[in-house]
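In: Fold the following for me, if possible:
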Amino acid sequence: MKLLRILGIAIFVFTACEDNTTVTENAAVGQDSIVLNQKVKSGKTIQVTLQSEPNEIVVNWLAYITAQDEIRNLENASLQNVVEKAVPLSKIMTELRSTVPEQLSSKAVMSRLVVLETKTKILEQLTRRQTLDADKVLVIAKELPQDFENFKLQLNELFLKTPDQFEIELDDRLDSIQKANEENSQLQLTPKELEPNEFKVLGSDN
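Out: Residues are numbered from 1 along each chain as shown. Below you'll find the model as predicted:
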């Protein structure tokens, strides 16, 4: 009888511990679900519109088009989405940096691309850790859209004219206008001066 009582107590304790473990695990899963559903807080991203010159180049740059789409998808994405996109995003930025068209290659442009590549690699490393640092991941995900816009700004600045170039262009335009005016003046017909004897009165024999 005493043995049965001890056995009963042991079973009760084991069952209670097992139930408590299940509750703890369920709570942890629920907490993880809440964390992973956090959204990337969109900052005030300053949008940059590419000028015609760089835009004509990037439309044929596959890595740029892919990177731009992926960066746009980060806005208002969940932490879960960011974690899933971290590895491909890192690879895309590496591809972007290594395939820059010659017309767009400059120290300033490459510097912006290095920032993008570095941050996406850090993002990838953070998402590979056993313990996810959600705050750090969300901060980087929030910064990347503006980093990409800063990169576009550098592309525009490659094609900005210097004051000397503006002056030369203005002189060329003024020369063109003056030449056009001179040509128009030469094309204008002047009235013919008629001598008095060139008039003839109708019905007169003289």
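In: Next, work out how far apart L160 and E84 are.
Out: Computed with CB to CB, to the nearest Å, the distance linking L160 and E84 is 39 Å. From N, CA and C alone the C-beta is placed, and that goes for glycine too.
In: More neighbours: those two, which one.
Out: Neighbours per residue (other CB atoms under 10 Å) separate L160 from E84, with E84 holding more: 13 against 10.
In: mean confidence score for the helix or strand hosting that one?
Out: Using DSSP states H and E, E84 falls within helix 79-98. Confidence for helix 79-98, expressed as mean pLDDT, is 96.
In: same thing with stretch 65-73?
Out: Mean pLDDT, taken over the full extent of stretch 65-73, equals 95.
In: Give me the buried positions along it.
Out: Buried positions in stretch 65-73, judged by neighbour count with 16 or more other CB atoms under 10 Å: A67, Q68, E70, I71.
In: Also stretch 54-61?
Out: P54, I57, V58, W61.
In: Strands - which of the residues you listed land there?
Out: Filtering those for membership in strands, criterion DSSP state E, returns an empty set.
In: Make a markdown table out of the residues you listed and add pLDDT.
Out: As requested, the buried residues of stretch 54-61 are arranged in a markdown table below (pLDDT from 0 to 100):
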| residue | pLDDT |
| --- | --- |
| P54 | 96 |
| I57 | 97 |
| V58 | 97 |
| W61 | 97 |
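In: how many neighbours does the nearest residue to L74 once chain neighbours are set aside have?
Out: The shortest distance from L74 to any residue that is not its chain neighbour, by CB to CB, 6 or more residues apart in numbering, is 5.3 Å, and that residue is A141. A count of neighbours around A141, defined by other CB under 10 Å, yields 27.
In: wait, doesn't A141 sit right on V40?
Out: Yes: because the distance of 4.6 Å satisfies CB atoms under 8 Å, A141 is recorded as touching V40.
In: Mind listing the shared neighbours of those two?
Out: Any residue near both A141 and V40 by CB atoms under 8 Å, 6 or more residues apart in numbering counts here, and that gives L74, A77, V82.
In: okay, those in CSV with neighbour count next?
Out: Written out in CSV, the entries for these read as follows (neighbours: other CB atoms under 10 Å):
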residue, neighbour count
L74, 21
A77, 19
V82, 26
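In: so where is the protein shaky, pLDDT-wise?
Out: 1-31, 42, 162-206 (pLDDT under 70).
In: Alpha carbons of the helix holding E84, as CSV, please.
Out: These are the backbone C-alpha positions of helix 79-98, laid out as CSV (Å, rounded to 0.1, in the frame of the first residue of the first chain):
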residue,chain,number,x,y,z
LEU,A,79,10.5,40.5,-39.1
GLN,A,80,9.8,37.0,-40.5
ASN,A,81,9.9,38.4,-44.0
VAL,A,82,13.2,40.1,-43.3
VAL,A,83,14.7,36.9,-41.9
GLU,A,84,13.6,35.0,-45.0
LYS,A,85,15.0,37.6,-47.4
ALA,A,86,18.3,38.2,-45.6
VAL,A,87,20.5,35.7,-47.5
PRO,A,88,19.2,36.4,-51.0
LEU,A,89,19.3,40.2,-50.3
SER,A,90,23.0,39.9,-49.3
LYS,A,91,23.8,38.0,-52.5
ILE,A,92,21.9,40.6,-54.6
MET,A,93,23.9,43.5,-53.2
THR,A,94,27.2,41.7,-53.8
GLU,A,95,26.1,41.1,-57.4
LEU,A,96,25.1,44.8,-57.7
ARG,A,97,28.5,46.0,-56.5
SER,A,98,30.4,43.6,-58.9
